[in-house]
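sequence first, predicted model second:
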Amino acid sequence: MAKPVSIEVWNPNGKYRVVSTKPMPGARWINLLIEQDCRVEICTQKKTILSVDDIIALIGDHCDGVIGQLTEDWGETLFSALSRAGGKAFSNMAVGYNNVDVNAANKYGVAVGNTPGVLTETTAELAASLSVAAARRIVEADEFMRAGLYDGWLPHLFVGNLLKGQTVGVIGAGRIGSAYARMMVEGFKMNLIYYDLYQATRLEKFVTAYGAFLKANGEQPVTWKRASSMDEVLREADVISLHPVLDKTTYHLINKESLATMKKEAILVNCSRGPVVDEVALVAHLKENPMFRVGLDVFEDEPFMKPGLSDMKNAIVVPHIASASKWTREGMATLAALNVLGKIKGYPIWSDPNRVEPFLNENAPPPAACPSIVNAKALGLPVSKL
Ligand SMILES: NC(=O)c1ccc[n+]([C@@H]2O[C@H](COP(=O)([O-])OP(=O)(O)OC[C@H]3O[C@@H](n4cnc5c(N)ncnc54)[C@H](O)[C@@H]3O)[C@@H](O)[C@H]2O)c1
Ligand SMILES: O=C(O)[C@H](O)CO
């Protein structure tokens with residue numbers, strides 16, 4: 001068994017034992033736990049991805065709750081270990097929880113938390129950055145400069161695409177997809193086409209109102225369309241950004257066939273989860289279509305890239321940093337800690353997991369509720385009246 005050796009302990013005499021599998025940004029999350037009589041143990045082992053055995057060792061014989069990471073495999077083995085140790089709560093420090101077997105958690109009566117909302121704008125901003133960087137070939141141009149190759153302005157040097165007036169396509173227009181769509185529509189005056197299982201009413205209203213505003217000011221109005229199929233988005237959009245959850249319905253949503261449907265000079269951005277894209281098919285497509293560009297924050301076999309991807313000039317790759325702003329990461333840590341704390345203290349579940357601001361206000365104590373528990377219904381947990 002690979003036993004984690006290095007642990008930092010806060011408030012050693014606290015009544016409840018809460019384990020965090022990683023150090024997390026900020027101090028508020030630690031203080032909030034300590035103030036409520038928790039002993040906080042943080043694994044500081046220099047190993048990026050902890051194994052199931054590592055985490056079993058961390059849980060030990062007695063543990064009330066765990067704050068974990070999206071790189072960890074939270075299935076039957078860990079939930080049974082946590083339950084044996086008396087644990088009631090687990091929270092991912094992430095909104096996506098495809099690394100968690102929620103059915104296994106239900107079986108052991110463990111509440112599973114996530115951290116929606118606090119990362120919406122930060123993640124959308126990275127998707128927008130990748131879109132612009134790909135359209136204007138910023139990374140290629142930067143490498144060219146650093147290599148000392150620039151010897152004067154040229155009419156053809158790093159010519160890219162103008163976004164204004166083009167169509168942005170969003171697949172998965174939930175919190176992040178809608179925020180990204182608004183940025184691209186408002187910032188670059190792009191038209192919108194989106195595909196989601198549900199209607200994005202607020203997004204549609206926003207684009208309608210912005211289009212009317214532009215028209216009233218003598219500018220070309222922007223438009224929106226809800227596509228009836230994903231293929232419609234792939235055929236029509238110039239820039240396509242992926243923002244669905246990862247589940248059985250979205251695994252390899254983008255594959256050889258769907259790539260072939262896209263425009264030859266399209267831009268594809270992925271800030272959702274790696275397996276939404278068949279990365280082998282993507283590498284082949286990038287090779288055959290040099291004008292097709294991608295911006296990727298996530299990869300099918302993280303931390304690895306499929307062979308050939310890193311050689312492609314038409315690919316921008318960054319290491320899963322879409323939510324990496326200071327405010328957001330500190331907020332994610334706070335929400336994850338409050339999910340675990342809330343369950344330990346027997347608090348009810350916050351009624352609207354999208355409205356997390358009251359938990360993030362540094363100047364006031366957080367509400368006595370768990371901000372976001374994804375299996376609240378299955379466990380029959382009471383909902384807060386606040
Ligand atoms: N790269 C990062 O660092 C990063 C950061 C935050 C979130 N994410 C990922 O982004 C995902 C979305 O986050 P969110 O907060 O916007 O979630 P959300 O639940 O608000 O949005 C997801 C949307 O996907 C839609 N959807 C589900 N299945 C679909 C399908 N088959 N086709 C089309 N749409 C479908 C849903 O209806 C929903 O509107 C997370 O689950 C996570 O995996 C990644
Ligand atoms: O799902 C998430 O929250 C991200 O992947 C990390 O912020």
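The structure has been received and is ready for your questions. Ligands and ions are numbered 1, 2, ... in the order given.

wouldn't residue 58 be in contact with residue 45 here?
No. Using Cβ atoms under 8 Å, residue 58 is not in contact with residue 45; the gap is 9.1 Å. (Each C-beta comes from the backbone N, C-alpha and C, glycine too.)

the two: which is more packed in?
The neighbour comparison of residue 58 against residue 45 (other Cβ atoms under 10 Å) goes to residue 58, with 22 against 16.

quick check: pLDDT value at that one.
pLDDT, residue 58: 97.

all helices for the stretch 101-250 of the chain, in order.
Using DSSP state H, counting those that start in this stretch, the helices found in the stretch 101-250 of the chain span residues 102-107, 120-135, 138-146, 175-188, 201-216, 230-236.

for these, which one sits closest to residue 361?
When these are compared by Cβ to Cβ, helix 120-135 sits nearest residue 361, at 16.8 Å.

near ligand 2, anything from the closest one?
No. Taking Cβ under 6 Å from any ligand atom as the criterion, helix 120-135 and ligand 2 are apart, separated by no less than 6.8 Å.

what helices and strands are in contact with that helix?
Packing partners of helix 120-135 (3 or more Cβ pairs under 8 Å, 6 or more residues apart in numbering; DSSP states H and E): helix 175-188, strand 239-242, strand 267-270, strand 293-296, strand 315-317, helix 326-344.

using CSV, lay out the ones you listed together with mean pLDDT, mean neighbour count and distance to ligand 2.
Converted to CSV, the helices and strands packed on helix 120-135 look like this (pLDDT from 0 to 100; neighbours: other Cβ atoms under 10 Å; distance: least, Cβ to the nearest ligand atom, whole Å):
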stretch, mean pLDDT, mean neighbour count, distance to ligand 2
helix 175-188, 98, 22, 9
strand 239-242, 99, 27, 13
strand 267-270, 99, 28, 11
strand 293-296, 98, 26, 13
strand 315-317, 98, 20, 15
helix 326-344, 98, 25, 7
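
could you dump these to a markdown table with distance to ligand 1?
Shown next, in a markdown table, are the helices and strands packed on helix 120-135 (distance: least, Cβ to the nearest ligand atom, whole Å):
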| stretch | distance to ligand 1 |
| --- | --- |
| helix 175-188 | 3 |
| strand 239-242 | 9 |
| strand 267-270 | 8 |
| strand 293-296 | 10 |
| strand 315-317 | 12 |
| helix 326-344 | 9 |
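
could you dump those to a markdown table with distance to residue 379?
Output for these, formatted as a markdown table (distance: least, Cβ to Cβ, whole Å):
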| stretch | distance to residue 379 |
| --- | --- |
| helix 175-188 | 24 |
| strand 239-242 | 31 |
| strand 267-270 | 33 |
| strand 293-296 | 36 |
| strand 315-317 | 39 |
| helix 326-344 | 9 |
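
wait, which of the helices of the stretch 101-250 of the chain is closest to residue 31?
helix 120-135 (22.8 Å).

still on that earlier bit, nearest to residue 283, of the helices and strands packed on helix 120-135?
Between residue 283 and these, the tightest spacing by Cβ to Cβ is seen for strand 315-317, at 8.4 Å.

and for that closest one, what's in contact with it?
Applying Cβ atoms under 8 Å, 6 or more residues apart in numbering, the contact partners of strand 315-317 are 130, 133-134, 139, 286, 293-296, 299, 305, 309-310.

check the offset of the helix or strand where residue 56 lies from the chain's centre.
Taking DSSP states H and E as the criterion, residue 56 maps to helix 52-59. How far helix 52-59 lies from its chain's middle: 25 Å, per Cα atoms, centre = their mean, to the nearest Å.

so which bits of the following helix or strand past it are buried?
Remark: after helix 52-59, the chain's next helix or strand is strand 65-68, criterion DSSP H and E. By neighbour count on 16 or more other Cβ atoms under 10 Å, the buried set for strand 65-68 is 65-68.

ok, now which ones touch whatever residue of the stretch 251-386 of the chain ends up closest to ligand 2?
Closest approach between the stretch 251-386 of the chain and ligand 2, counting by Cβ to the nearest ligand atom: residue 323, at 3.2 Å. Counting by Cβ under 8 Å, 6+ apart, residue 323 touches 94, 119, 122-123, 126, 329, 332.
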